[in-house]
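**Student:** Model the following, please.
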Amino acid sequence: MVEQRVRDLPILGDLNQRLVLDVIRRQPDGIGRVAVGAATGLTPQTVSNIVRRLAESGLVGEGERVRTPRGKPPTLLHIERTRHVSVGIHIDPALVSALSMDLGGGVHRVASTPTPPDVTPDTVAGLVRDLTDEVLSEWPGAEPDTVLGVGVAAPGPIDLKEGRIRQPPQLHGWADVPLVATLREALDRPVLLDKDVLAAVTGEHWAPDGPGDDFLYVYLGSGLAVGACLAGRVHRGTTNNAGEIAGLFDQVPTPHSLIAQAAELGILPTAPPSYSEVRPAFEQLCRLAGDDARIDALLTEAADQLARGIATLVNVLDVGRIVLGGPSWPPVSHHWLRMLPGQVAPRLSTRDDVRVEGSRLADHGSAYGAAALVLHHFLAPASALRLVKSK
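**Tutor:** You can find the predicted model right below:
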């Protein structure tokens, strides 16, 4: 039943149709047919035929004519944002979050719930089902054929081809979990899987005001990972598990390790036993910065550790932008954005123009990227990865 719905979607057309739709989608103020042809290299007749099919499918609409000095004023084409919706899910050891996204990349509703300690895949499936229903509850006409699918970002390592999670270190007991099949049964919708840090990079790249150049993405969640966008594409590696940073840092500056150090110093009570309790403790730690010199020293040393690893990767990849994000980034963003530029710059070997900035997507970047993954799969001219669909 699910597969039939996906097959019937009109946007699963040929390459040229996806290409035209993607060009129109990326122009929120509208674009004329001639400009679409220039951007795609397609003939005027081909563009007209494709636009007609897209309009008949309700995916593209026509707006006002634009005055020009000479010739016939062009009619602007725009994406019908609410014609379809995708859902993005982020499964984190501390929090399960969801959002709904329209065809233009706009977020309509966000929802989340703490991840229970020792959570099982079946429990997560129930949480994902409830959150999906919640973020779709106010969507205008969320009938089955308007929902493109559900993208899921989860901790790695993953087996993307089989839709499985392979023993993530922070989800105890999750050994070779068939996550796509489990969620497909719970949701009765197409399900696409991606690694959390790579989904975050995808989201940053797809965001309307996201960076247009190559960048390094530092992901701070329950753990620490690093992703990259190179030559306009998310770098995935041969197994779609790029992003692990084992051995890159002498001491990995994760929220859990910082809380443990603060507890040893007597600044905080004993470190929380579960990941769901780490986030409020980390927020408390960051709030106390400025009032306690020991916390300032702790965060400064952690930022220095982070800067060493970042500088090493920038020197290897030669990128000009560093983006920091993830669920645990907002509490510490104010402190580390002040520190990191000055700590990274002296360690760079070839360039002095590297920008350091926080993610535009706050703490829901992976969920946003997971939803964008669905749009990319159905709308983009070529899929950047082999996605697992429901059967």
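
**Student:** Please count neighbours and contacts with C-alpha atoms only from this point.
**Tutor:** Fine.

**Student:** care to break this protein down by domain?
**Tutor:** 2-79, 85-195+366-379, 211-358 (automatic domain parsing).

**Student:** quick one: low-confidence parts of the stretch 151-300 of the chain?
**Tutor:** 249-250, 273 (pLDDT under 70).

**Student:** To which secondary structure element is His335 assigned?
**Tutor:** If you go by DSSP states H and E, His335 is part of helix 329-344.

**Student:** Could you name the helices and strands sitting against that helix?
**Tutor:** Under the contact criterion of 3 or more C-alpha pairs under 8 Å, 6 or more residues apart in numbering; DSSP states H and E, helix 329-344 touches helix 275-288, helix 293-317, strand 355-358.

**Student:** Can you redo these as TSV, where the extra columns are distance to Ser137 and mean neighbour count?
**Tutor:** Putting the helices and strands packed on helix 329-344 into TSV (distance: least, C-alpha to C-alpha, whole Å; neighbours: other C-alpha atoms under 10 Å) gives the following:
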stretch	distance to Ser137	mean neighbour count
helix 275-288	26	18
helix 293-317	41	18
strand 355-358	31	18
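
**Student:** Make a markdown table from those and add distance to Ala175 to it.
**Tutor:** Formatted as a markdown table, the helices and strands packed on helix 329-344 follow (distance: least, C-alpha to C-alpha, whole Å):
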| stretch | distance to Ala175 |
| --- | --- |
| helix 275-288 | 19 |
| helix 293-317 | 30 |
| strand 355-358 | 33 |
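
**Student:** nearest to Ile31, of the ones you listed?
**Tutor:** Closest to Ile31 of those, according to C-alpha to C-alpha: strand 355-358, at 30.7 Å.

**Student:** Give me the contacts around the closest one.
**Tutor:** Defining contact as C-alpha atoms under 8 Å, 6 or more residues apart in numbering, one finds that strand 355-358 is touched by Gly320, Arg321, Ile322, Val323, Leu324, Gly325, Ser333, Leu337, Leu340, Pro341.

**Student:** if we can go back for a sec, tell me which of the domains of the chain sits most buried.
**Tutor:** domain 85-195+366-379 (a mean of 21; mean count of other C-alpha atoms under 10 Å).

**Student:** one step back: between the domains of the chain, which one is nearest to His205?
**Tutor:** domain 211-358 (6.2 Å).

**Student:** so how far does that closest one reach from one end to the other?
**Tutor:** One end of domain 211-358 sits 11 Å from the other (C-alpha to C-alpha, to the nearest Å).

**Student:** From Leu317, how far off is Ser349?
**Tutor:** Relative to Leu317, Ser349 is positioned 12 Å away (C-alpha to C-alpha).
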